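In: Here's a sequence, model it:
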Amino acid sequence: MKKTWKRAGSLAGMIVALVWICAPVPGVTGQGGPSPLAKGWGRIVASGTITGVDRDRNTLTFALAPESHVDWFQGGTAWRRETLAGTRRLRLLPATLIVDTGGHGITLAAIRPGLPAMLWAVAQPDMQLIGVIVEIASPRVTTPAVPSGSVSRAGVVVGRSGSMIDLLTSTGSRRSIIVTGATVIRVNGQAVPPAAVAPYDVLEVGGPLNSDGSLAATRIDISFSAPDAARVSGPVEQVIGGLGGLVVAQTMISTSADTYVLRDSARADLSQAVSGQPMVVYGIPLLDGATPIGLAARVVVIR
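Out: Sure thing, here's the model as predicted:
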């Protein structure tokens with residue numbers, strides 16, 4: 001199911017996020033710990049062609065176009081830019097985003113040599129490359145239709161009052177979700193009380209529709225728990241146009257079509273992001289072993 005609001009065009013993307021009630025102290029919090037790059041590491045923006053795929057080792061071989069470059073972190077606020085050239089091997093992490101030009105996820109199995117691609121990545125000091133976002137020039141991925149007769153909604157929690165949850169759905173509409181004593185609420189397959197549903201949680205909800213358009217939930221699956229997630233807050237420092245990447249609190253952030261972008265509890269567009277705008281991003285840490293290198297965003301809120 002499309003959890004959209006990611007891109008205005010095939011290669012357009014900027015992202016922002018902010019607070020539930022008041023602005024938090026800028027920085028990185030939540031699971032995974034701080035994730036700015038260490039001194040001597042670099043950020044790569046590149047385009048080129050996939051020349052090889054090793055699915056057993058989760059790597060791609062990438063022939064770089066002349067405009068590709070790496071910015072090396074020198075410490076403090078100092079960076080040094082170098083041009084990248086030639087053919088490089090790119091290692092993929094479990095949280096590396098591999099997407100089509102609409103920001104929809106695709107699998108490594110779907111990638112073939114010869115496909116043009118864009119890349120946002122990390123460079124280790126020894127020039128080993130680690131993918132953050134790999135965007136493949138491929139057709140948009142379609143989502144299977146919901147079977148006839150079933151009612152299911154996916155969305156992000158933007159409000160709550162008693163037994164009523166205000167859900168902003170994956171299509172951008174608002175839906176009132178009614179929680180009753182018969183509603184089964186789960187996280188990772190484990191039953192939890194209704195109080196476990198929190199602002200900016202991402203939910204999968206099933207149940208019958210009422211005549212007023214509300215949904216009487218028989219089940220709620222919390223697929224992403226915002227209070228338990230890693231969180232980055234602060235002003236936008238850099239936007240990687242066309243790749244859905246940005247830098248906040250010195251942290252590399254990746255987004256996709258599955259990233260919920262909000263503003264004033266309503267659907268927002270990533271093109272509203274501007275440098276210096278404060279935000280909060282909730283997501284999943286990008287880790288190279290025990291080394292944090294960034295955050296894969298699930299929910300972004302614009303002030």
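In: Only C-alpha atoms from now on, for both contacts and neighbour counts.
Out: Fine.
In: Low-confidence ranges, the stretch 51-200 of the chain, go.
Out: 138-151 (pLDDT under 70).
In: which ones are touching residue 189?
Out: By Cα atoms under 8 Å, 6 or more residues apart in numbering, the residues touching residue 189 are residue 221.
In: Next up, identify which helix or strand the residue nearest to residue 259 when sequence neighbours are not counted is on.
Out: Of all residues not flanking residue 259 in the chain, residue 298 sits nearest, at 4.6 Å (Cα to Cα, 6 or more residues apart in numbering). Element membership for residue 298, per DSSP states H and E: strand 291-302.
In: Adjacent strands (with direction) for that strand?
Out: According to DSSP bridges, strand 291-302 forms sheet pairs with strand 251-254 (parallel), strand 260-263 (parallel), strand 278-288 (antiparallel).
In: May I have the residues that are in contact with residue 39?
Out: Residues in contact with residue 39 (Cα under 8 Å, 6+ apart) are 72-75.
In: again, but for residue 265
Out: So residue 265 contacts 158-159, 168 (Cα under 8 Å, 6+ apart).
In: Next one: it from residue 180, what distance?
Out: Separation of residue 265 from residue 180 (Cα to Cα, to the nearest Å) stands at 24 Å.
In: got TSV for the strands paired with strand 291-302, with mean pLDDT too?
Out: As requested, these are arranged in TSV below (pLDDT from 0 to 100):
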stretch	mean pLDDT
strand 251-254	93
strand 260-263	91
strand 278-288	92
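In: Output the ones you listed in JSON lines, with mean neighbour count and distance to residue 192 appended to each entry.
Out: Formatted as JSON lines, those follow (neighbours: other Cα atoms under 10 Å; distance: least, Cα to Cα, whole Å):
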{"stretch": "strand 251-254", "mean neighbour count": "26", "distance to residue 192": "30"}
{"stretch": "strand 260-263", "mean neighbour count": "26", "distance to residue 192": "24"}
{"stretch": "strand 278-288", "mean neighbour count": "24", "distance to residue 192": "21"}
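In: right, and those strands - which one's nearest residue 64?
Out: Smallest distance to residue 64 across the strands paired with strand 291-302 (Cα to Cα): 20.7 Å, for strand 251-254.
In: In the stretch 151-300 of the chain, what residue spans correspond to helices?
Out: Assigned helices in the stretch 151-300 of the chain: none (criterion: DSSP state H, counting those that start in this stretch).
In: Turn the strands paired with strand 291-302 into JSON lines, columns for distance to residue 121.
Out: Formatted as JSON lines, the strands paired with strand 291-302 follow (distance: least, Cα to Cα, whole Å):
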{"stretch": "strand 251-254", "distance to residue 121": "9"}
{"stretch": "strand 260-263", "distance to residue 121": "22"}
{"stretch": "strand 278-288", "distance to residue 121": "11"}
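In: what's the closest of those to residue 55?
Out: Residue 55 sits nearest to strand 278-288 of all the strands paired with strand 291-302, at 17.8 Å, using Cα to Cα.
In: could I have that closest one exported to PDB, CA atoms only?
Out: Extracted in PDB, the C-alpha atoms of strand 278-288 (Å, rounded to 0.1, in the frame of the first residue of the first chain):
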ATOM      1  CA  PRO A 278      13.400  23.000  12.100                       C
ATOM      2  CA  MET A 279      12.200  19.400  12.100                       C
ATOM      3  CA  VAL A 280      11.900  16.100  13.900                       C
ATOM      4  CA  VAL A 281      12.500  12.900  12.100                       C
ATOM      5  CA  TYR A 282      11.400   9.500  13.500                       C
ATOM      6  CA  GLY A 283      13.000   6.400  12.000                       C
ATOM      7  CA  ILE A 284      15.200   3.400  12.100                       C
ATOM      8  CA  PRO A 285      19.000   3.700  12.600                       C
ATOM      9  CA  LEU A 286      21.300   2.900   9.700                       C
ATOM     10  CA  LEU A 287      24.100   0.900  11.300                       C
ATOM     11  CA  ASP A 288      27.300  -0.500   9.800                       C
END
